[in-house]
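*Asks:* Got a predicted model here, sequence first, then my questions.
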Amino acid sequence: MEKLVPMGENDVVTAKYDGLKNIDLKKVRFVSEPNSAALPARLNETEQTWTITLKSVAAGASYDVFAVYEGVVIGKLRVVSYSKQQHKVTLVPINEVKLDESAIEQQLNTIYNPVGVQFTVDIDESMRGNYDWEVESEKDGLLSTVGKSFWGYDKELKESTEMLNLQKDLPTSSRYIGWCLFICAEWCYGT
């Protein structure tokens, strides 16, 4: 197993022995290296669990925590540290799709905050009611993400002035997440 700990922070894990052999839980030690001093761990005898505080190390570095009983390793946890990340996501709703900015941001952060990733969500309404992007052959007032290509690279979408401007404004690394979120918003919220 692996546990991610943001750089400069401590985190707490709970360990439980699920082995078949009966052992004396008071004799289990947690160490970062064989024959090293035990890490601080608090045993809850009622629940038969230990609480262990993990320290971070440099970004990208890691260390192992071993559960040792009578000189035998009975468990292992790899602890990896990383820098926290901050991302800004701009959603561009199409057609009549209604997006709840705070709900989307809350859902993203509920999922990703535990691993040190924070999202800020903005909604850009500039395409709402603006049909300048329509190509002559498809004057229907709807921006289609399906039809000519499974991945949504429809001529209207690909050639729209707004999308070309958006691609210029976004760093290359953001374009992929932008397309994924665009397609996901289309599938999740429909048109």
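*Replies:* Received, thanks.

*Asks:* Same question for the lengthiest strand in the chain: list its buried residues.
*Replies:* In the chain, assigned by DSSP state E, the strand with the most residues is strand 72-82. Residues of strand 72-82 classed as buried: 75, 77, 79, 81-82 (neighbour count, 16 or more other C-beta atoms under 10 Å). Just so you know, the C-beta spots here come from the backbone N, C-alpha and C atoms, and that holds for glycine as well.

*Asks:* Quick one: mean pLDDT for that strand?
*Replies:* If you average the pLDDT over strand 72-82, you get 91.

*Asks:* swap in stretch 123-132?
*Replies:* Stretch 123-132 shows a mean pLDDT of 77 in the predicted model.

*Asks:* try stretch 28-37
*Replies:* Stretch 28-37 comes out at a mean pLDDT of 85.

*Asks:* Next secondary structure after the longest strand of the chain?
*Replies:* As assigned by DSSP states H and E, the chain's next helix or strand after strand 72-82 is strand 85-91.

*Asks:* got the angle for the next helix or strand after that next one vs strand 85-91?
*Replies:* Downstream of strand 85-91, the next assigned helix or strand under DSSP H and E is helix 101-112. Interaxial angle, helix 101-112 versus strand 85-91 (axes from the mean of the first three to the mean of the last three C-alpha atoms, to 10 degrees): 140 degrees.

*Asks:* Which secondary structure elements does helix 101-112 sit against?
*Replies:* Of the remaining helices and strands, those touching helix 101-112 by 3 or more C-beta pairs under 8 Å, 6 or more residues apart in numbering; DSSP states H and E are strand 85-91, strand 117-123.

*Asks:* What strands flank the first one, and is each parallel or antiparallel?
*Replies:* The reference is to strand 85-91. strand 117-123 (parallel) (DSSP bridges).

*Asks:* circling back to that earlier point, between the longest strand of the chain and strand 117-123, what angle do the directions make?
*Replies:* Using the same axes, to 10 degrees, strand 72-82 lies at 40 degrees relative to strand 117-123.

*Asks:* Dump the C-alpha coordinates for the helix or strand containing Phe30 into CSV.
*Replies:* Assigned by DSSP H and E, Phe30 belongs to strand 28-31. The C-alpha atoms that make up strand 28-31 are tabulated as CSV, following Å, rounded to 0.1, in the frame of the first residue of the first chain:
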residue,chain,number,x,y,z
VAL,A,28,3.8,-4.9,17.3
ARG,A,29,6.2,-2.1,16.5
PHE,A,30,6.3,0.3,13.5
VAL,A,31,9.7,1.1,12.1
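
*Asks:* quick one: contacts for the nearest residue to Leu77 once chain neighbours are set aside?
*Replies:* Distances taken as C-beta to C-beta, 6 or more residues apart in numbering place Val65 nearest to Leu77, at 4.6 Å, with adjacent residues excluded. Residues near Val65 by C-beta atoms under 8 Å, 6 or more residues apart in numbering: 30-32, 39, 52, 54, 76-79.
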